[in-house]
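> Okay, sequence plus prediction incoming.
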Amino acid sequence: MTDFLDTLTAAAPRLWEATLVTLQLSVGGAAVAFVVAVLLGLASLSGVALVRGTSRVVVEFFRGTSLVVQLFWLFFVLPQLGVDLPSMTTGILALGLNYGAYGSEVVRGSINAVPKGQWETTVALSMSPVTTMRRVIWPQAWALMLPGLNNLLIMLIKGSALAGFIFLQDLTFVTDQLRRTTDTFVAFGIGMVIYYLIALGASGVLRWLERRAQRRLGLAPPTRRERIRQNAETARLQGTGAVGAPAGGGAAGAPTGGGAP
Amino acid sequence: MSFDWEFALQILPDLLEAFVRITLLVTVVGSLTAAVLGLVWAIGLRSLPAWVGRPLSFVLDFIRMTPLPIQLLFVYYTFNNLSALSVGIIVIGVHYSTYMAESYRAGIESIRKGQWEAATALSLPPHRTWRAVILPQALRATLPSLGNWAIAMFKDTPFLIVIAVPELVTEAKEIGGRTFSYVEPFTLAGLIFLVASYPTAVLMRKLENRLAY
């Protein structure tokens, strides 16, 4: 047992560095993937056939040619074509493009799953396309897409484990080195537990976002703080006799309350 | 530096051989393993008492949430007597069985309660309830999802490079290292994956539509 603790203390700084590399890849990859997913997802719903077609080809291409191949292609082939990117950028780009393509299907599916009546209503109210998307469709689609994005985020974190092959000292790489000096079971045990905790944390954050999105749509009971804010808002509106749009008030509380479930 | 067709044609047979002999073998045996184990987990989670079911469910979550490469390395160095290829097939099969278990679970949960009640009313023994009533209906709903996981597994076979299984991408990387030309091997590897996985994915989508009620 003391042996185990000694090894752990000795290895802690390197494991911490490695965890940071893995986190950097995951967060960076997730950010790129999210932007790619939204762009490609919206493009695949575009009314212009050329935009729709292009996005389909891009999505199928990145979904069809394995993450590992893309990672190696970006890392080994691009320099030969004259583009030299740092390892970290390459890793983030590969993760972002691959999972962004998968994510675009989630975005597309969620937007499609918003009931048709919601679109028709925005037409009846002659809302601009941007307002329609921002105020009506997106908040509802957002709540629907979060479970799918959650799964993809876990997969993206797991996909970062190959970074050792592009010379990044990530968690998998460092635990494999640790194995040489300590015990297989200890080294990989620690590594896997750290990955598990990262994945749990990431998935917890997305689940929190999902519950928040549902509450804002009135699909789940509001928290105490939100209830107090809503009551204050209602009192303010009743006090001034204003019934129209809430004046200012910040973007946060916009679609809360009222809406029939 | 541009794409050298002659070189590409020259290395294509080697790549295809690695693809057929290793990548496809891992995918087929791995998917079958995953499909069988996944069903075992799904039925187990439903029928076992909580003191076994809870730990099992934790273990499955743990496997699902930790990366394939680290699992491959762990098993490879723990069981020195197994070949890299067998480790690859077993680990990828077990890894994906945790995903397939979720698909089976969804399929089993989609069976209406009346079916279970009818089986009880007819006093069918548990194994007949499963085999004659529940599974034939549940599997129909699960099949496309299992197929999609098999495709996902197929595209994850290059992870086996961490334990040096000579599959397609490992072969491509080796050719690249030997000839100092990575353009052709990796481009071809990507194209082979695309050509193999895209039609299968389209087929699964068709199957999904056909099987949908």
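Received it, and whenever you're ready, just let me know what you need.

> what's in contact with stretch A:164-177?
With contact meaning C-beta atoms under 8 Å, 6 or more residues apart in numbering or on different chains, stretch A:164-177 is reached by A:14-15, A:17-19, A:21-22, A:25, A:71-72, A:75, A:87-88, A:90-91, A:160-163, A:187-188, A:190-191, A:194-195, B:67, B:69-70, B:73, B:161-162. The way it works is simple: take the backbone N, C-alpha and C, and place the C-beta from them, glycine included.

> Filter these down to the buried ones and hand me the PyMOL line.
Burial among those is assessed by 16 or more other C-beta atoms under 10 Å in any protein chain shown; the matching PyMOL selection reads:
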select buried, (chain A and resi 15+18+19+21+22+25+71+72+75+87+90+91+160+161+162+163+187+188+190+191+194+195) or (chain B and resi 67+69+70+73+161+162)
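
> In strands, which of the contacts of stretch A:164-177 fall?
Among those, DSSP state E puts none in strands.

> Can you pull the residues of the stretch 1-150 of chain A lying near chain B?
When proximity is defined by C-beta under 8 Å from any C-beta of the partner chain, the stretch 1-150 of chain A lies next to chain B at A:60-61, A:63-70, A:72-73, A:76-77, A:80-82.

> Please repeat the previous calculation with a cut-off of 6 Å.
Within the stretch 1-150 of chain A, the positions adjacent to chain B are A:64-66, A:68-69, A:72-73, A:76-77, A:80 by C-beta under 6 Å from any C-beta of the partner chain.

> I figured residue B:160 was touching residue B:89, is that so?
No - in this structure residue B:160 lies outside contact range of residue B:89 using C-beta atoms under 6 Å: 9.0 Å.

> More neighbours: which of those two?
residue B:160 (29 against 24; other C-beta atoms under 10 Å in any protein chain shown).

> Span of stretch B:16-23 from start to end?
End-to-end distance for stretch B:16-23: 10 Å, by C-alpha to C-alpha, to the nearest Å.

> Pull out the buried positions in it.
Per 16+ other C-beta under 10 Å, stretch B:16-23 contains these buried residues: B:18-19, B:22-23.

> Of the residues of the stretch 1-150 of chain A next to chain B, which is the most crowded?
When these are compared by neighbour count (other C-beta under 10 Å), residue A:68 ends up highest, at 30 neighbours.

> measure that one to residue B:150 for me?
Noted for residue A:68: a distance of 17 Å to residue B:150, by C-beta to C-beta, to the nearest Å.

> for residue A:166, same thing?
28 Å.

> for residue A:161, same thing?
21 Å.

> Give the next helix or strand downstream of the top helix by length along chain A.
Using DSSP state H to define each element, chain A has its longest helix at helix A:2-43. Later in the chain than helix A:2-43, the nearest helix or strand by DSSP states H and E is helix A:49-64.

> quick one: low-confidence parts of the chain?
Since you didn't name a chain, this refers to chain A. For chain A, the stretches flagged by pLDDT under 70 are A:1, A:240-261.

> That was the other one, I meant chain B.
In chain B, residues with pLDDT under 70: B:1, B:212-213.
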